[in-house]
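J.: just coords:
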């Protein structure tokens, strides 16, 4: 039979070493599981927000465009025939100016939005700092203050 090495049993270090490694592995797996679960929730929230935004944009585009075209047609037909070209030019400039303004707003919104998976990345950075602090032999005081 396989009997344990008498030298490793007498000083007691290998069983504690393996227990520590096992505990470290379980802690790392638990942290990874928590962070992956958080990432999954964030991805699902972003997906739902994105689908809702697309549906709202589609409705806005369809009904807004129909309304604006009908209003434009109504105004053009209501003015004198000699002024119709001027009225169409006015509407064209106005629509292009509004399109430029919306383009600017979209660009600004995309530039100011928070990074994707921001909370997950922040938690993983805290975990990394805590593991580094624990491996250096210091207590992670910043982590304790948040919990």
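T.: Looks like it came in fine. Computed from a predicted model, the values in this text were never measured in an experiment. Numbers count the residues shown, from 1 in each chain.

J.: which residues of this structure fall in strands?
T.: With DSSP state E as the criterion, the chain has no strands.

J.: State the pLDDT value of the residue sitting nearest the centre point of it.
T.: Residue closest to the average C-alpha location in the chain (Cα atoms, centre = their mean): residue 116, at 2.9 Å. Looking at residue 116, its pLDDT reads 76.

J.: That one against residue 46, yeah?
T.: Yes. Counting by Cβ atoms under 8 Å, residue 46 is a contact partner of residue 116 at 7.1 Å. Using the backbone N, CA and C atoms, a C-beta is placed for each residue, glycine as well.

J.: Return the residues in contact with residue 115.
T.: With contact taken as Cβ atoms under 8 Å, 6 or more residues apart in numbering, residue 115 is in contact with residue 121.

J.: separation between it and residue 109?
T.: Using Cβ to Cβ, to the nearest Å, residue 115 is found at 14 Å from residue 109.

J.: Count the residues that sit near residue 80.
T.: Residues lying near residue 80 (other Cβ atoms under 10 Å) number 8.
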